[in-house]
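*Asks:* Sequence and predicted structure, then a few things I'm wondering about:
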Amino acid sequence: MNIKEDNIQKLLKYKNNPPNPSYIAGFIDGDGTIFIRKIKDGYQSGISITQSRTNILQILQYHFGGTIIKPSNIISENIFNEDGYYDKNNKRNSYALTIRSNEYKYLLNYIYDKIILKEEQINALINFQKEEKEKWCNICLNINKTKKLDNYDYSKLNIEYIQGLFDAEGHIYISYQKDLTNKIKFSNGIYMKITQKNHPEIIKEIQKFLGFGKCSDYIYYVDNFSDCLKLIKLIKNGLIVKYNQIIAIEEYINSRLEKSEKYNEEIHIKREKIYKIINMEKHQIEVYDQVANKREYDKKILLDLEKENLLKEEKKKEFYLKKSESMIGINNPNYGHPLSNEHALNISIATTVSKRSNNPNLTNEKIREIYDLKDKMMQKDVAEKYEMSREMIRRIWNRSIIPTDDPEFLIKKTELVSKDKSSISDDLTFEQKTSIGKRSLKSEQYIEIILWKIKKNNGELLNEKKIYSTTLSEYLSKLWNTKVTNDMIKNIWSGKTKLFDFEFNNAEITYEKYLEVIKL
């Protein structure tokens, strides 16, 4: 498999979920840089991760954004040693994934409590976003310069962290020797190691955590088959950059453990094939072409925007609700003033527009479309086509329902408002006039619906069935030959639709009883 195909395979593996946060923390502690620097116009801050293989960079970019930056001079020619393998002195291209301040919040949120060696730099980056930029810039610069701190929180150390650190700072080695005839033999030693010169104290902590292996000043290593297999078993499934190498060396060790009487050509070919995989993964030059690779990151951005817009909308609703509540009764500037024709007309139009907005078949365009079918189609066929009641089609055809931008709509509304206003006593308050002006039922019908709630509470039945708002709305719509919705009944029962004391003068129940019922 070539590098490009292998990169695609690795990306597909982590397409749905990013690598473990501890893995990424270990990788950044090994090959990452957290920076805050002063520039002419202000500051630059970000996280940069450098690698010669871009598979891990592409995966992180896919989930967390950023830009993969190429070296200024791309090298594409590989050097091979005298034995035909990729030369260890190959100068490989170094790529850097840089995630700057406008993007890195997702990565910080994912790993901030997993980082060990660069924890203070991460804290500086988080605080830099909030306050005292100069202070946190200097703190980050000083930590990056000194490299070491007095202590680290090694309680965060786990297998996933070691996997990330190994992918960044790990090394796998197989040696070979030549016999007297200059023929290669793969029978010498192997070892695996993690190097950490800047933070050598973590090496002993890794040995202590794993319970096997050896330490030098700044290197943790295993150099025998048994310990190598232990380490491989623990870390191989979480590796990305060195995954192919770890699988190859596992196969190599197992082949060495096979009892063979003599090193022959078959054994040589098998071991050389494995060696070539490790040699290629370690020293082959990658030439990376930038691809659009930020889809999951872009989804995060869109989701955040949706949440932000939703929050704004909720705050807006909350603001206007409080404003509306604060203007009830005497707090309303129009309290006690007569309701003007213009104001009443605006209320009536707004109420109609609001009701129609919930029905896709009552847009102005749809109303005209349905009206144009008059005398061209049967009423029942139009009702079936638009999934509407025949009564609604009839009302459109007889011009009871008119597009709101039609001049006739305004004329009819004006006439209706004048008629309604003349029937409302001038003694009523602004709130009472407004409420009554919005109603679609008569006062006695509202009270009848309250009586049905009393029946419901008393366990009485409707057509030998329990009384529910849904069944009652169907029953009353037929009985009164007018639309009574489920929501209308719920609003009346809960007191959201207000009734006033003067409406109960000749009613079957008192106003006090009404107030008691709506609280139940």
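*Replies:* Yes, it's here.
*Asks:* avg pLDDT for the strand ranked longest in the chain?
*Replies:* For the chain, the strand with the greatest residue count under DSSP state E is strand 42-51. Averaged over strand 42-51, pLDDT sits at 92.
*Asks:* now what about that strand, what contacts it?
*Replies:* Contacts made with strand 42-51 from outside it, assessed by CB atoms under 8 Å, 6 or more residues apart in numbering, are listed as 27-28, 31-37, 56-57, 60, 66, 94-101, 104, 107, 125, 128-129, 133, 137, 168, 241. In short, each C-beta sits where N, CA and C put it, glycine included.
*Asks:* out of the residues you listed, which are inside strands?
*Replies:* With strands identified by DSSP E, the entries of the contacts of strand 42-51 that belong to them are Gly32, Thr33, Ile34, Phe35, Ile36, Arg37, Tyr95, Ala96, Leu97, Thr98, Ile99, Arg100.
*Asks:* Now do the strands in this protein.
*Replies:* Secondary structure of the chain (DSSP E): strands at 32-39, 42-51, 67-69, 95-100, 170-174, 177-178, 184-185, 190-195, 214-215, 219-222, 461-462, 465-466.
*Asks:* What pairs with the first one, parallel or antiparallel?
*Replies:* Its sheet considered, strand 32-39 pairs with strand 42-51 (antiparallel) by DSSP bridges.
*Asks:* ok, back up a step: could you identify the buried members of the contacts of strand 42-51?
*Replies:* If you count burial by 16 or more other CB atoms under 10 Å, the buried members of those come out as 27-28, 31-32, 34-36, 56-57, 60, 66, 95-99, 104, 107, 125, 128, 133, 137, 168, 241.
*Asks:* sorry, back to before: could you dump the longest strand of the chain to CSV, C-alpha only?
*Replies:* Output of strand 42-51 as CSV, limited to C-alpha atoms (Å, rounded to 0.1, in the frame of the first residue of the first chain):
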residue,chain,number,x,y,z
GLY,A,42,-1.3,42.3,18.4
TYR,A,43,-0.8,38.6,19.2
GLN,A,44,-0.7,35.2,17.5
SER,A,45,-1.7,32.0,19.4
GLY,A,46,-2.2,28.4,18.4
ILE,A,47,-1.2,24.8,18.5
SER,A,48,1.3,23.4,16.0
ILE,A,49,2.0,19.7,15.4
THR,A,50,4.9,18.6,13.2
GLN,A,51,5.3,15.3,11.4
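*Asks:* relative to strand 95-100, how tilted is that strand?
*Replies:* Strand 42-51 runs at 150 degrees relative to strand 95-100, counting by axes from the mean of the first three to the mean of the last three CA atoms, to 10 degrees.
*Asks:* Looking at the strands of the chain, which is nearest to Tyr161?
*Replies:* Each of the strands of the chain was scored for nearness to Tyr161 using CB to CB, and the closest is strand 190-195 (11.3 Å).
*Asks:* CA-only coordinates of the closest one in CSV, if you can.
*Replies:* Taking only C-alpha atoms (Å, rounded to 0.1, in the frame of the first residue of the first chain), the coordinates of strand 190-195 have been written out as CSV:
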residue,chain,number,x,y,z
ILE,A,190,15.8,-5.5,17.9
TYR,A,191,14.5,-2.8,20.3
MET,A,192,11.7,-0.3,20.8
LYS,A,193,12.2,3.0,22.6
ILE,A,194,10.6,6.3,23.6
THR,A,195,12.9,9.3,23.8
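*Asks:* TSV please, covering the strands of the chain and showing distance to Phe500.
*Replies:* Rendered in TSV, the data for those read as follows (distance: least, CB to CB, whole Å):
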stretch	distance to Phe500
strand 32-39	65
strand 42-51	62
strand 67-69	66
strand 95-100	62
strand 170-174	80
strand 177-178	103
strand 184-185	102
strand 190-195	81
strand 214-215	86
strand 219-222	83
strand 461-462	27
strand 465-466	30
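*Asks:* what's the closest of the ones you listed to His283?
*Replies:* The stretch from the strands of the chain with the least distance to His283 (CB to CB) is strand 170-174; that distance is 12.0 Å.
*Asks:* now the helices: where do they sit in the stretch 101-250 of the chain?
*Replies:* For the stretch 101-250 of the chain, the helices defined by DSSP state H, counting those that start in this stretch cover 105-111, 119-128, 133-146, 159-169, 201-210, 225-235, 243-257.
*Asks:* Now do the buried residues in the longest one.
*Replies:* For helix 243-257, burial by neighbour count (16+ other CB under 10 Å) applies to Tyr243, Asn244, Gln245, Ile246, Ile247, Ala248, Ile249, Glu250, Tyr252, Ile253.
*Asks:* quick check, nearest of those residues to Cys228?
*Replies:* For Cys228, the nearest member of the buried residues of helix 243-257 is Ile253. The distance, counting by CB to CB, is 5.8 Å.
*Asks:* From Leu229, how far off is that closest one?
*Replies:* Distance, Ile253 to Leu229, by CB to CB, to the nearest Å: 6 Å.
*Asks:* Glu5 now?
*Replies:* Taking CB to CB as the measure, Glu5 and Leu229 are separated by 28 Å.
*Asks:* what does Cys137 give?
*Replies:* Distance of Cys137 to Leu229, given as CB to CB: 47 Å.
*Asks:* With Arg100 instead?
*Replies:* Distance check for Arg100 against Leu229: by CB to CB, it reads 42 Å.
*Asks:* Equivalent analysis for Gly32, please.
*Replies:* From Gly32 to Leu229 the distance is 30 Å (CB to CB).
*Asks:* Lys466 too?
*Replies:* 71 Å.
*Asks:* now swap in Gly164 and tell me
*Replies:* Between Gly164 and Leu229 the distance is 21 Å, computed by CB to CB.
*Asks:* Which one's more surrounded, those two?
*Replies:* With other CB atoms under 10 Å as the criterion, Gly164 and Leu229 differ in neighbour count, and Gly164 comes out ahead with 33 against 16.
*Asks:* contacting residues for the residue nearest to Phe27 when sequence neighbours are not counted?
*Replies:* Among residues not flanking Phe27 along the chain, Gly164 sits closest, at 3.8 Å (CB to CB, 6 or more residues apart in numbering). Residues counted as contacts of Gly164 (CB under 8 Å, 6+ apart) are Pro19, Asn20, Ser22, Tyr23, Ile24, Ala25, Gly26, Phe27, Ile28, Asp29, Gly30, Gly238.
*Asks:* Since that was my last question, I'll sign off now.
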